[in-house]
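Enquirer: test case, fold it:
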Amino acid sequence: MATIKKLMTLLSKEGLVEERAGIIAQFTNGRKSSARDLNAIELDSLCTFLQNEQQKHQNDVDKKRKRLIASIFGTFKLANKQVSIDYVKGIACRASKEKNFNNIPPARLDSLYNAFLNAQKDLTFAKRLVDGFINEQISYN
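Expert: Next up is the predicted model:
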């Protein structure tokens, strides 16, 4: 059974305390605008909805973190360098200017992911270019 305290905790975690009257009104189709007016079923379903939204957001951020780790590993693999997960997380933290990998904001995770994908493309292009020059030199000799 959900309580008003639980509802307020969920709203504060999402930074929605100021908009709670609007959220409650939208959830109840305009019938109520205060958490005290909600009955037990409405309170329970609103808390469940907010928890599901938080979990969905957390899953999206986790997926972005894993994508970034994979792109950094891919970049080092193209450069023929073996690195550890701690090293990769350190690279991501330095690039984002965060002390903790889990504190990197989602938008920054996306931009770093794209930057490392571009680095992979550059390394692949440079490798093909160098291989072409080597083959050209071999054919002249």
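
Enquirer: where does the chain have low pLDDT?
Expert: 1, 141 (pLDDT under 70).

Enquirer: which stretches in it count as helices?
Expert: 4-13, 20-27, 40-78, 85-96, 106-140 (DSSP state H).

Enquirer: any chance you could list what contacts the shortest one?
Expert: If I follow you right, that is helix 20-27. Identification of contacts with helix 20-27 by CB atoms under 8 Å, 6 or more residues apart in numbering yields 8, 11, 16, 31-35, 37-38, 42, 46, 49. (C-beta placed from N, C-alpha, C; glycine too.)

Enquirer: what's around the residue nearest to residue 100 when sequence neighbours are not counted, how many residues?
Expert: What sits nearest to residue 100 in space, not counting adjacent residues and going by CB to CB, 6 or more residues apart in numbering, is residue 93, at 7.1 Å. With neighbours defined by other CB atoms under 10 Å, the count for residue 93 comes to 16.

Enquirer: one more: the one 5 residues further on?
Expert: Residues contacting residue 98 under the criterion other CB under 10 Å number 14.
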